[in-house]
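[1] Got a sequence here, can you model it:
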Amino acid sequence: MSGRGLTAVLDELEAVVHAARAMPMSSSVLVAREEVIELVERARALLPEQLAHADEVLAGADRVLAEAHQHADRIVSSAQERAEDLVAHERIVLEAQARAEEIVAQARRTAAGLRRDADDYCDRRLADFEIDLGRVMAQVQAGRAKLADRLEHSATDDDPAGP
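    Down below sits the predicted model:
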């Protein structure tokens with residue numbers, strides 16, 4: 001029988017008691033013993049079925065609750081793993097950025113040093129070239145002076161009105 005079966009039997013029992021004849025000058029009533037005993041036996045027969053059904057419902061609820069707890073635990077565990085992965089990934093990204101900045105800074109220092117060295121080399125080469133040009137200029141000036149002197153002597157040697 002269903003859950004309504006026990007309730008129906010109890011309703012019948014209550015109806016029998018309400019319909020019973022009252023005893024004069026007493027709160028007692030006369031009920032048909034056989035009818036009441038049969039209703040009580042029906043209720044007893046239904047009671048184990050109802051208790052078993054209640055146990056099944058409780059066991060099902062316990063199963064659902066346990067599954068919900070397991071599911072919640074899996075979600076929390078998964079969220080913690082994801083959070084740890086994100087933190088580790090962020091740490092890796094930050095370390096990579098710091099390393100990249102360090103490499104760029106080192107490259108800039110190296111480039112500045114190379115530029116300085118190249119400028120020093122060029123300055124030394126230009127200074128040597130300036131010295132060489134100074135020597136060539138002195139030789140050119142000396143050669144022109146000699147040529148001018150020769151031109152001057154040859155002009156007096158060629159002069160018919162000369163000495």
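[2] C-alpha from now on. contacts and neighbour counts both.
    Fine.
[3] Sketch out the helices for this protein, chain order is fine.
    For the chain, the helices defined by DSSP state H cover 3-19, 33-157.
[4] Determine which stretch of the ones you listed is the most buried.
    The highest mean neighbour count among those, using mean count of other Cα atoms under 10 Å, belongs to helix 3-19: a mean of 15.
[5] Which strands or helices does it pack on?
    helix 33-157 (3 or more Cα pairs under 8 Å, 6 or more residues apart in numbering; DSSP states H and E).
[6] How far does the helix it packs on sit from its chain's centre?
    Relative to its parent chain, helix 33-157 has a centroid offset of 13 Å by Cα atoms, centre = their mean, to the nearest Å.
[7] tell me the angle that helix makes with helix 3-19.
    Counting by axes from the mean of the first three to the mean of the last three Cα atoms, to 10 degrees, helix 33-157 lies at 140 degrees to helix 3-19.
[8] Leu46 and Ala105, how far apart?
    Here the distance between Leu46 and Ala105 works out to 87 Å (Cα to Cα, to the nearest Å).
[9] typed the wrong thing, it's Glu12
    According to Cα to Cα, Glu12 and Ala105 sit 95 Å apart.
[10] again, but for Arg91
    21 Å.
[11] for Asp132, same thing?
    Using Cα to Cα, Asp132 is found at 40 Å from Ala105.
[12] what bits of the protein have low per-residue confidence?
    For the chain, residues meeting the criterion pLDDT under 70 lie at 1-4, 158-163.
[13] Dead centre of it: give me the residue that sits there.
    Most central in the chain under Cα atoms, centre = their mean is Leu86, positioned 3.0 Å from the mean C-alpha point.
[14] before we move on, the earlier item: need the helices of the chain in TSV with distance to Met25, can you?
    Supplementary listing: the helices of the chain in TSV, determined by distance: least, Cα to Cα, whole Å:
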stretch	distance to Met25
helix 3-19	17
helix 33-157	21
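[15] what's the closest of those helices to Ser27?
    helix 3-19 (11.9 Å; Cα to Cα).
[16] and the closest one, how far out from the chain's middle?
    Mean-position distance between helix 3-19 and its chain equals 65 Å (Cα atoms, centre = their mean).
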